[in-house]
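K.L.:
sharing a model that was predicted from the sequence below.
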Amino acid sequence: MFIATLIASQSLARGDISAAADRLAAAGAAPVEAVETDPGVAADLRFGGDSVAARAALEGTFPGVDVIVQPAQGREKRLLIADMDSTMITVECIDELADYMGLRAEISAVTERAMRGELDFESALDARVALLAGLDEAVLARCHDERVHIMPGARALVRTMRARGATALLVSGGFTHFADRVAAAIGFDRALSNRLALDGGVLAGTVHRPIVDAETKRRTLLAALAEFGIERTASLAVGDGANDIPMIREAGLGVAYHAKPATAAAAAARIAHGDLTVLLHAQGIRRADWEADAD
């Protein structure tokens with residue numbers, strides 16, 4: 001059995017649920033139950049049949065509605081692996097640092113290409129960081145305080161999952177100066193990210209090795225599964241860029257969040273409309289059961 005969860009960014013009408021059931025039937029699935037889990041916001045449709053055909057029939061059909069199709073068994077996850085920039089926070093930190101040096105346009109263009117998978121991540125990171133050489137270390141804290149904003153739904157997602165016994169890890173190709181603070185603010189168990197080299201209180205223009213890249217993210221997921229004795233099917237990975245694709249593919253449920261085209265194409269699920277609380281609805285966790293102090 002599978003579940004198709006509809007989650008509306010604005011409102012979900014009962015007619016939408018009926019129409020979704022009809023589309024599933026037309027695709028050869030057999031809807032057996034439709035339940036409004038959070039009336040006006042989210043609904044589950046349990047069905048048998050071909051989940052790939054079901055996803056194709058539903059995804060992108062209802063304006064402002066995200067659709068997550070997955071096996072019914074094990075939908076609530078015990079491990080969350082998440083990207084940081086443009087996923088758990090609303091910005092790309094390296095682009096914001098570049099702005100303090102008047103290099104935003106130049107560095108942002110490289111960031112965009114790297115996140116689309118058009119450039120090698122490590123080489124692109126080195127090239128961008130080299131341009132930041134000489135930036136005062138104090139600007140890192142200033143940038144965090146002035147520019148870094150937590151993504152809507154991030155605290156609710158992480159704190160609710162952890163309250164229910166899950167482990168949450170932040171794994172970022174960004175920098176420790178931001179990732180450690182972001183992880184603490186949201187409520188992650190721990191964070192892994194890249195370390196900027198410093199020389200006399202300014203950025204040296206290099207990054208300490210080893211680099212946290214796409215393969216590091218994938219290996220971190222696998223290591224966490226082994227460490228905590230969790231089945232792969234009980235893992236959830238979410239990110240937006242090309243360097244998130246390996247961990248997204250490896251996870252039990254891999255989710256592309258407002259993602260670049262290559263990442264969206266590689267993921268088993270896509271969030272194009274809602275915030276990160278879509279992932280709570282996808283796990284069957286009703287709003288009444290979210291952590292009250294989260295968002």
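P.N.:
Good, I have the coordinates.
K.L.:
switch to C-alpha atoms for all contacts and neighbour counts from now on
P.N.:
Noted.
K.L.:
identify the residues contacting the residue nearest to Ala29 when sequence neighbours are not counted.
P.N.:
Leaving aside its sequence neighbours, Ala29 sits nearest to Gly49 (CA to CA, 6 or more residues apart in numbering; 4.7 Å). For Gly49, the contacting residues are Met1, Phe2, Gly28, Ala29, Ala30, by CA atoms under 8 Å, 6 or more residues apart in numbering.
K.L.:
how far away is Phe47 from Pro71?
P.N.:
10 Å (CA to CA, to the nearest Å).
K.L.:
and what of Arg195?
P.N.:
The value you get for Arg195 to Pro71, if CA to CA is used, is 39 Å.
K.L.:
what do you get for Arg155?
P.N.:
Going from Arg155 to Pro71 by CA to CA gives 26 Å.
K.L.:
now swap in Ala214 and tell me
P.N.:
26 Å.
K.L.:
comparing these two, which residue is more hemmed in?
P.N.:
It is Ala214, of Ala214 and Pro71, that has more neighbours when counted by other CA atoms under 10 Å, with 21 against 17.
K.L.:
which positions within the least confident helix or strand in the chain by mean pLDDT qualify as buried?
P.N.:
Scoring the helices and strands of the chain by mean pLDDT, DSSP states H and E places strand 30-38 at the bottom, with a mean of 91. Going by neighbour count (16 or more other CA atoms under 10 Å), the buried part of strand 30-38 is Ala30, Pro31, Ala34, Glu36, Thr37, Asp38.
K.L.:
and those as CSV, adding distance to Ala223?
P.N.:
Below are the buried residues of strand 30-38 laid out as CSV (distance: CA to CA, whole Å):
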residue, distance to Ala223
Ala30, 38
Pro31, 37
Ala34, 37
Glu36, 37
Thr37, 34
Asp38, 35
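K.L.:
next one, pLDDT for the residue lying farthest from the centre of the chain please.
P.N.:
Largest separation from the mean C-alpha position in the chain: Gly200, at 35.5 Å (CA atoms, centre = their mean). As predicted, Gly200 sits at a pLDDT of 96.
K.L.:
how much space separates Asp136 from Ser193?
P.N.:
Asp136 is 20 Å from Ser193, by CA to CA.
K.L.:
typo on my end, it should be Lys217
P.N.:
10 Å.
K.L.:
likewise Met247?
P.N.:
To Ser193, Met247 is 15 Å away according to CA to CA.
K.L.:
tell me which of those two has more neighbours.
P.N.:
Met247 (29 against 23).
K.L.:
mind listing what's buried along the helix or strand where that one lies?
P.N.:
For Met247, the enclosing helix or strand under DSSP states H and E is helix 245-250. Neighbour-count burial for helix 245-250, with 16+ other CA under 10 Å as criterion, is recorded at Ile245, Pro246, Met247, Ile248, Arg249, Glu250.
K.L.:
contacts only, for the residue lying closest to Glu215 once chain neighbours are set aside.
P.N.:
Spatial nearest neighbour of Glu215, chain neighbours left out: Pro246 (6.8 Å); criterion: CA to CA, 6+ apart. Counting by CA under 8 Å, 6+ apart, Pro246 touches Ala214, Glu215, Lys217, Arg218.
K.L.:
still on that earlier bit, now the common contact residues for Phe47 and Pro71.
P.N.:
With contacts taken as CA under 8 Å, 6+ apart, Phe47 and Pro71 have Met1, Phe2, Ile3 as neighbours in common.
K.L.:
return the member of those residues nearest to Leu58.
P.N.:
Ile3 (12.0 Å; CA to CA).
K.L.:
give me the three-state assignment for that closest one.
P.N.:
strand (DSSP: H, G, I helix; E, B strand; the rest coil).
K.L.:
that one - how many residues pack around it?
P.N.:
25.
K.L.:
mind listing what it touches?
P.N.:
Taking CA under 8 Å, 6+ apart, one finds Asp44, Leu45, Arg46, Phe47, Ile68, Val69, Gln70, Pro71, Ala72 in contact with Ile3.
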